[in-house]
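Peer 1: Next one to model:
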Amino acid sequence: MAKTRQLLLLRHAKSSWDDAALADFDRPLAPRGLEAAPRMGAEIARRGWLPELVYISPAMRTRQTWQLASVDWPAPLPATAFHDSIYGALANDLFALTRAAPDETGSLLVIGHNPGLEIFAAQLAGPASSSEAVQSLEEKFPSGALARFEFEGDWSGLRPGIARLTHCLRPRELG
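Peer 2: All right, here's what the predicted structure looks like:
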């Protein structure tokens, strides 16, 4: 029987545009993002969706999102890897990255950016997806949003339409 895998896609929390001199890569989180990231992390933990491995864009706002989202997670924290390819990634880049995840990994979290992350999520969602989650994803995948997928098989077999989008959560929905 094929192994059920979990893929979590977390868009970085709301970033700041206050310092026009900063390069996009170096932009930190805005106050709203500093508040939302730990709430989303707490929700991930509350639902028992803790990943075994985390792939993170090296941009400042994604690193801060990870630090704040995981602040109350039980030790030891999952293994993390920073991938330059996530910053500015297209959906195809994200497919390639996740397909290369280690076979022993049952649950993977990718923290990245739009528009690539949102397009990747939309392409992953297959016919068995939650209609409510698909509608939410199609409506908007804002800063700090989380898409949760399940699929059977190996990471190397991940392709468009194969996964079930089970949830699409937005920070404002968490209270």
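
Peer 1: Identify the bridge partners of residue 6.
Peer 2: Using DSSP bridges, the bridge partners assigned to residue 6 are residue 107, residue 150.

Peer 1: What about it, how many residues nearby?
Peer 2: 19 (other C-beta atoms under 10 Å). Backbone N, C-alpha and C define where each C-beta goes, glycine included.

Peer 1: what sits against it?
Peer 2: Residues near residue 6 by C-beta atoms under 8 Å, 6 or more residues apart in numbering: 49, 51, 106, 107, 108, 148, 149, 150.

Peer 1: Using TSV, please lay out the residues you listed together with neighbour count and pLDDT.
Peer 2: Shown next, in TSV, are the contacts of residue 6 (neighbours: other C-beta atoms under 10 Å; pLDDT from 0 to 100):
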residue	neighbour count	pLDDT
49	16	98
51	23	98
106	14	97
107	19	98
108	23	98
148	24	98
149	25	98
150	16	98
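
Peer 1: List of residues touching the longest helix seen in the chain?
Peer 2: Counting by DSSP state H, the longest helix found in the chain is helix 31-46. With C-beta under 8 Å, 6+ apart as the test, helix 31-46 has contacts from 8, 10, 12-16, 29, 50, 61, 64-65, 68-74, 109, 143-144, 146, 169, 171, 174-175.

Peer 1: next SSE after that helix?
Peer 2: strand 53-56 (DSSP states H and E).

Peer 1: which parts of stretch 109-116 are buried?
Peer 2: Buried residues in stretch 109-116, counted by 16 or more other C-beta atoms under 10 Å: 109, 110, 111, 112, 113, 116.

Peer 1: what would the residues you listed look like in a markdown table with distance to residue 97?
Peer 2: Putting those into a markdown table (distance: C-beta to C-beta, whole Å) gives the following:
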| residue | distance to residue 97 |
| --- | --- |
| 109 | 12 |
| 110 | 7 |
| 111 | 12 |
| 112 | 9 |
| 113 | 13 |
| 116 | 11 |
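
Peer 1: Which ones among the residues you listed lie within helices?
Peer 2: residue 116.
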